[in-house]
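> generate coordinates for the sequence data below:
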Amino acid sequence: MPLSDETRALMARINKQYGAGSVVLASKMPAVPRFPSGSLSLDVMLGGGWPGNQWNEILGAESSGKTTIVHKTIAANQERDPEFTTFWVAAEGYDHEWATTLGVDVDRVIVFETNAMEDAYTEMIKAAESRAVDAIVLDSYPALVADDEDAKNMDEATMASGARVTGKFFRKVGQATRRSLVEQERPLLALIINQFRDQIGGWAPAGATAKTSPGGKAKNYAYYTRVETSRTEWIDEKRPGGSVRVGQVIKLKTLKSKSAAPQQVATLRFYFANSSTGIYAGEYDLASQLITQGIYHGLIRLDGSWYKYADFQWHGDKKMAAAMREDLDLQQQLSADVMAAIRPSED
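Alright, predicted model coming up:
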């Protein structure tokens, strides 16, 4: 249906006053850009990857895999784009050796070490405004100290000072994160790591502990996606000398998602030591993810004990998993087919 003259005049006036492209038809707006996470299951859970030009939170208990998932995300995008550069605010320090083990090219990561909240937020805003980096990571929020808190003695209360500064940050950073509605610009990946705290006096079901995320409630409105991580079990392998712990199973759940269905769940098998199955330290078991997603989306068919996909077939899941681990072209083909199944309208 064509627009009325009054509507066209309204759009023309706004574009003249605020600049070309300030107002456009919703049908002409670009799709939300997506950044791969390095995990097919997580990409599916997120609706195609981390949404770009928005702020996303990954939170959970200690040692639940939060920083590892962010490192794997950076590594996946570096592999896709040789110019992909990250601005990493390290409030808790940066372990470049572990990052390298996880596949990160640390020569393309700019590390700013500070736990001063105002300094961290100021530089994050400037980095977003500069268009000089492709990703901004804060690791992690609980380690930041607001100036108001830093100026007080240990016995003086500073309730909610960090939450107030965080709310101000999200109100100020919106313009810096925003990209053009009419011109092609490199999108920005923005990730903030947070950690749960026990909520004193809060209600929880029997046997559970009430928990909250520090930083106040204002941030929860600002985040486009919030992902919760938890460790469900350890991965142990039998060796001649006994049992060896080689990895952990990470469960992820979307607490909030404005670009995909919320309350989705993904499970990742992550190895922090070399496995007898051929998976090396710092890697996900991508074969298990491919098989799970392939079966779920009807791409892998079961015929008795045979597994069939495209022109391939394997007798038993172990042979199929072994083939998936060895054949990178097969991995890419099945991964692309899964992504096409969840986002059929896009190339």
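> now do the SS call for the closest residue in space to Lys217 that isn't next to it in sequence.
Using CB to CB, 6 or more residues apart in numbering and skipping residues adjacent in sequence, the residue nearest Lys217 is Ala163, 8.0 Å away. Placement of C-beta: from N, CA and C, glycine included. Following DSSP: H, G, I helix; E, B strand; the rest coil, Ala163 is assigned to helix.
> quick check: Ala163 touching Thr212?
No: counting by CB atoms under 8 Å, Ala163 sits too far from Thr212 to count as a contact (11.1 Å).
> more neighbours, the two?
More neighbours surround Ala163 than the other of Ala163 and Thr212, with 16 against 13 (other CB atoms under 10 Å).
> give me every residue that touches the more buried one.
Contacts of Ala163 were listed using CB atoms under 8 Å, 6 or more residues apart in numbering, and they are 214-219.
> what's the farthest-apart pair in those?
Pro214 and Ala218 (12.2 Å; CB to CB).
> could you point out which element follows the host helix or strand of Glu129?
Using DSSP states H and E, Glu129 sits within helix 117-130. Heading C-terminal from helix 117-130, the first helix or strand you meet, by DSSP H and E, is strand 135-139.
> so that following strand versus helix 117-130, what angle?
Counting by axes from the mean of the first three to the mean of the last three CA atoms, to 10 degrees, strand 135-139 lies at 170 degrees to helix 117-130.
> list the buried residues in stretch 317-325.
Neighbour counts over stretch 317-325 (16 or more other CB atoms under 10 Å) mark 317, 320-321, 323-325 as buried.
> which residues does it contact?
Defining contact as CB under 8 Å, 6+ apart, one finds that stretch 317-325 is touched by 277-279, 286-288, 290-291, 300, 307, 312, 314, 330-331, 334.
> just the buried members of those?
279, 286-288, 290-291, 300, 307, 314, 330-331, 334.
> in the stretch 101-250 of the chain, which spans are helices?
117-130, 147-151, 161-177, 218-222 (DSSP state H, counting those that start in this stretch).
> now tabulate these in TSV and tack on mean pLDDT and distance to Ala190.
Shown next, in TSV, are those (pLDDT from 0 to 100; distance: least, CB to CB, whole Å):
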stretch	mean pLDDT	distance to Ala190
helix 117-130	97	7
helix 147-151	89	23
helix 161-177	94	6
helix 218-222	91	11
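> so which of these is nearest Ile14?
Of all the helices of the stretch 101-250 of the chain, helix 161-177 sits nearest to Ile14, with 16.6 Å by CB to CB.
> next, the angle strand 135-139 makes with the closest one.
Using the same axes, to 10 degrees: helix 161-177 against strand 135-139 is 170 degrees.
> hang on, the earlier thing: export the helices of the stretch 101-250 of the chain to a markdown table and append columns for distance to Ser259.
Compiled in a markdown table, those are given as follows (distance: least, CB to CB, whole Å):
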| stretch | distance to Ser259 |
| --- | --- |
| helix 117-130 | 19 |
| helix 147-151 | 34 |
| helix 161-177 | 15 |
| helix 218-222 | 15 |
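> so which of those helices is nearest Ile250?
Judging these by CB to CB, what sits closest to Ile250 is helix 218-222, at 22.3 Å.
> show me what that closest one is packed up against.
Packing contacts for helix 218-222, counted by 3 or more CB pairs under 8 Å, 6 or more residues apart in numbering; DSSP states H and E, involve helix 161-177.
> give the buried residues for the helix it packs on.
For helix 161-177, a neighbour-count test (16+ other CB under 10 Å) marks 161-163, 165-167, 169-170, 173, 176-177 as buried.
> of these, closest to Ala127?
Within the buried residues of helix 161-177, the smallest distance to Ala127 is 8.4 Å, found for Ala176 (CB to CB).
> so who does that closest one touch?
Each residue near Ala176 by CB under 8 Å, 6+ apart is listed here: 125-126, 128-129.
> which of the contacts of Ala163 lies closest to Glu118?
Of all these, Glu118 sits closest to Gly215, with 14.4 Å by CB to CB.
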